[in-house]
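Visitor: Need the 3D shape of this:
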Amino acid sequence: MDEREVPRAIILVVMSLVTAVYLCALTVVNVALPQMQGALSATPDQISWVITLNLVATAIATPLTGWLVAKWGQRKVLIWCVGGFSITTYLCATVSSLEPLLVYRIGQGAFGAPLVPIAQAVILNAYKEPDKRAVAMGIWGMSVVIGPGIAPALGGYMAEEYSWRWTFYLLLPVSLAALLGVVAFIKESSNATISKLNWTGFIALSIAVTCFQIILDRGERLDWFESTGILILGLVLLFSFYLFLMNSLYSKNPFIKPQLFTDRNFSLGLFFVFVYGMLNVTPTVLLPTMLQDYVGYPDSDIGFILAMRSVGIFLGFLVAPKLSQIDPRYCMALGLFAIGVSGVISATFNSQITVSFVSWVGVLQGLGCGLLWIPLSLVTFATLRENLMADGTAFFHLIRNYGSSIFIALNVLVVLRTSKINNSELSEIANPYNERLSLPDAENSFNLNTTEGLLLLAQEITDQAVMIGYLNSFILYALGALLPIPLLALIRKNSPSQNS
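Guide: Here you go, the predicted model:
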C-alpha cells in the first residue's frame, strides 16, 4: 500500500466508526423502551415521543448539513457534531424524568443527523477511482449494517442485566473513539466558504418535515385524517412545503441548491434511494411482530433470523464491488430482483414455517439489499460536482429515511386494514351451517356448542386474518422491489466527475 492510500484507509475507518455509532443510537434505544416507561412513570403514548422527537430532529438537521459544511468546513462540523452527540448521549443516561430525556434525544438527533452524509461525502471525495470507490463504499456499508445489527442485542442484554441507562452508556466509548479519530486524522475541506443561510427556506422545510414525520409516526395511532390534529398537521405541511418550493424557485440563494437536480444520475439516484429505504428497513419492523405474535417464535429465534439477514447484506457488500465494475445497473437490477423474489416467497408464509426457511429468505433479502446499496451510491454521485457533494449526500439520506418511514407506515396500514376486512369475511363463513366446521378435525378443535370452542374459533379467525394482512404487505413489498427495475435503463454509466 503506497503512502497515498494509507491516510485514505484511516479516513475510511474513522468515517465508518462515526457512522456506526450514530446508527447504533437509532436502533439500540428501541429495546429499552419498556424499561424506560416503567422507570420514568410514563404512559406508552408518552414514551413513544422518545423515538418521534429524535426522528423529527434528525429530519430537520439533515438538510442543514450542506450549509454547515460550506460555512465551517467538514472537520469543524464533525468535531462539534460527534462531541455534541457524545454529550447528549451521556445526559440521556443520567435523567430521572421524561422531560429532560426528550430534550436530550432531540439534541442527539440534531447533532447526529449530519454525521452520515458528511461521512459519505468525505469517503466519496477521498476515493475518486471507480474501482476503489466501490470497495470503500462496501467497507463503509458494512459499518452501516454490522453496528446497528449488533447494538440491539447487546443493548437488550445490558438493559436486562443492569439498567436501561446502559443502552446509552454503551455508546460512549465508541463515540469518544470516533471523536479522537476525527480530531487526529480528518483534515479541513478545501471548499468551505462564507455562506448565508436562507432562513425562509430552512424554516419552511423544517416545519414541513416536522409535520410529515409526526404524521407518519403517529398517524395510525390517531386514526390518520380522522383526527383533527393530523388534519391540521397535513394542512400546515402543504402550506410550508409550498413556501419552501416557491423560495427555492425564486430566491437568489435557495436553501437547497437547484443545481443538484440538474444532474440526471443524482435525480434518479434519489428515486432509487427512496426505494432502497422502503425495502431495507420494512422487514425488520414487520417480521419480528408477525413471527413472535402469530407464529410463536421466541426472541432468540427472531434474533437469529435478523442476524442471518445481516449475513446476506454482508455477502452482498462483498460481491457488489466486482459486479459494479461491469455495470452498476446490472448489479442494482440483480439486487432488486433478489429482494422482489424474497417478498414473493414471504407472501407464502404460514403459521407452520420453520426458522431455517425464514432465515434463508432473510439471507436472500439481505443479499439483495447489499447488491443494491453500493452501485446505488456509485451511480448517484458519479457525475455530481465535489462542491455539491455535502448537499447531495444530505438530501440523499433524507430521502432514504423518508422512504423507510413512508413505506413502514403504508405496510402497517395494509396489515391493519386488510386484517379487519379478512376478519369480517372469515367470520361470515364461520357458522354452524359451514360443512367444514363439522369435519372431525374441526369439531375436535372448535366445539361450537361451548363457550370455550367459540372463543378458540374467534381467536383463530383473528390470527388468520392478521396473518393474511401480513402476506398482503409482503406482496406490496415485492412489487416495490420489482416495478422500479425497468427505470434503471435511464441511469447513465459515467465515471466520477472531476473536481470543480
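Visitor: How is residue 220 assigned, secondary-structure-wise?
Guide: coil (DSSP: H, G, I helix; E, B strand; the rest coil).
Visitor: tell me the domain boundaries of this structure?
Guide: Here the domain parsing of the chain from automatic domain parsing is 1-195, 198-254, 270-500.
Visitor: for those domains, which one sits closest to residue 262?
Guide: For residue 262, the closest of the domains of the chain is domain 270-500, at 10.0 Å, according to Cβ to Cβ. No exception for glycine: its C-beta is placed from N, CA and C like everyone else's.
Visitor: pLDDT of the closest one, averaged?
Guide: Domain 270-500 shows a mean pLDDT of 81 in the predicted model.
Visitor: All further residue positions should be reported with the first residue as 10.
Guide: Noted, 10 is the first residue going forward, which turns the last one into domain 279-509.
Visitor: how distant is it from the center of its chain?
Guide: Relative to its chain's centre, domain 279-509 lies at 13 Å (Cα atoms, centre = their mean, to the nearest Å).
Visitor: again, but for stretch 191-200
Guide: 28 Å.
Visitor: CA atoms only for it, dumped as CSV, please.
Guide: These are the backbone C-alpha positions of stretch 191-200, laid out as CSV (Å, rounded to 0.1, in the frame of the first residue of the first chain):
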residue,chain,number,x,y,z
VAL,A,191,-11.8,12.9,13.7
VAL,A,192,-9.5,15.2,15.6
ALA,A,193,-6.4,13.2,14.7
PHE,A,194,-7.0,12.3,11.1
ILE,A,195,-9.7,14.3,9.3
LYS,A,196,-8.4,17.4,7.6
GLU,A,197,-10.4,20.5,6.8
SER,A,198,-12.2,20.6,3.5
SER,A,199,-10.9,23.0,0.8
ASN,A,200,-14.3,24.3,-0.3
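Visitor: Contacts for it, please.
Guide: For stretch 191-200, contacts defined as Cβ atoms under 8 Å, 6 or more residues apart in numbering pick out 16, 19-20, 23, 27, 78-79, 82-85, 87-88, 91, 131, 134, 395-396.
Visitor: mind putting the domains of the chain in TSV, mean neighbour count and distance to residue 270 included?
Guide: What follows is the domains of the chain, written out as TSV (neighbours: other Cβ atoms under 10 Å; distance: least, Cβ to Cβ, whole Å):
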stretch	mean neighbour count	distance to residue 270
domain 10-204	19	14
domain 207-263	16	10
domain 279-509	19	8
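Visitor: In strands, which of the contacts of stretch 191-200 appear?
Guide: Taking DSSP state E, every one of the contacts of stretch 191-200 sits outside strands.
Visitor: Could you tell me which of those belong to helices?
Guide: 16, 19-20, 23, 27, 78-79, 83-85, 87-88, 91, 131, 134 (DSSP state H).
Visitor: Farthest pair within those residues?
Guide: Longest span within the ones in helices among the contacts of stretch 191-200, Cβ to Cβ: 19 and 79, 25.1 Å.
Visitor: residues making contact with stretch 135-149?
Guide: 17, 20-21, 24-25, 28, 128-129, 132-133, 326-327, 329-330, 333-334, 382-384, 386-387, 391, 504-505.
Visitor: For residue 231, what are phi and psi?
Guide: phi -100, psi 10 (degrees, to the nearest 10).
Visitor: can you pull the contacts of it?
Guide: Residue 231 neighbours (Cβ under 8 Å, 6+ apart): 238-239.
Visitor: Check it and give its pLDDT.
Guide: 76.
Visitor: where's residue 358, which helix or strand?
Guide: Taking DSSP states H and E as the definition, residue 358 sits outside all helices and strands.
Visitor: can you pull the contacts of the residue lying closest to it once chain neighbours are set aside?
Guide: Once flanking residues are discounted, residue 358 sits nearest to residue 480: 6.6 Å by Cβ to Cβ, 6 or more residues apart in numbering. Counting by Cβ under 8 Å, 6+ apart, residue 480 touches 355-358.
Visitor: quick one, helices of the stretch 310-459 of the chain?
Guide: Secondary structure of the stretch 310-459 of the chain (DSSP state H, counting those that start in this stretch): helices located at 337-355, 364-390, 398-438, 449-454.
Visitor: what packs against the first one?
Guide: The one in question is helix 337-355. helix 273-299, helix 308-335, helix 364-390, helix 460-491 (3 or more Cβ pairs under 8 Å, 6 or more residues apart in numbering; DSSP states H and E).
Visitor: Please work out which residues outside that helix touch it.
Guide: 281, 284, 288, 292, 325, 329, 332-333, 370-371, 373-374, 376-385, 387-388, 480, 483-484, 486-491, 493-494, 497-498, 500, 502.
Visitor: now the angle between helix 398-438 and whatever helix or strand residue 60 lives in, please.
Guide: Per DSSP H and E: residue 60 is located in helix 58-70. Put simply, helix 58-70 runs at 140 degrees to helix 398-438, going by axes from the mean of the first three to the mean of the last three Cα atoms, to 10 degrees.
Visitor: Next one: the nearest residue to residue 56 once chain neighbours are set aside relative to residue 320, how far apart?
Guide: Spatially, and ignoring its direct neighbours in sequence, residue 56 is nearest to residue 46 (4.3 Å; Cβ to Cβ, 6+ apart). Going from residue 46 to residue 320 by Cβ to Cβ, to the nearest Å gives 33 Å.
Visitor: Residue 192 too?
Guide: On the measure of Cβ to Cβ, residue 192 and residue 320 end up 34 Å apart.
Visitor: try residue 147
Guide: 15 Å.
Visitor: With residue 174 instead?
Guide: Distance from residue 174 to residue 320, by Cβ to Cβ: 31 Å.
Visitor: With residue 417 instead?
Guide: According to Cβ to Cβ, residue 417 stands 23 Å off from residue 320.
Visitor: swap in residue 427?
Guide: 31 Å.
Visitor: Residue 470 too?
Guide: 37 Å.
Visitor: Residue 300 too?
Guide: 18 Å.
Visitor: Repeat that for residue 267.
Guide: Residue 267 is 42 Å from residue 320, by Cβ to Cβ.
Visitor: any weak-confidence spans in the stretch 160-309 of the chain?
Guide: Within the stretch 160-309 of the chain, the stretches with pLDDT under 70 are 161-162, 165, 198-204, 308-309.
Visitor: what about the helices in it?
Guide: Using DSSP H, counting those that start in this stretch, helices in the stretch 160-309 of the chain cover 175-178, 181-194, 208-227, 237-259, 273-299, 308-335.
Visitor: Could you dump these into CSV with distance to residue 153 added?
Guide: Compiled in CSV, those are given as follows (distance: least, Cβ to Cβ, whole Å):
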stretch, distance to residue 153
helix 175-178, 20
helix 181-194, 14
helix 208-227, 21
helix 237-259, 29
helix 273-299, 10
helix 308-335, 9
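Visitor: Residue 114: which of these is closest?
Guide: helix 175-178 (10.1 Å).
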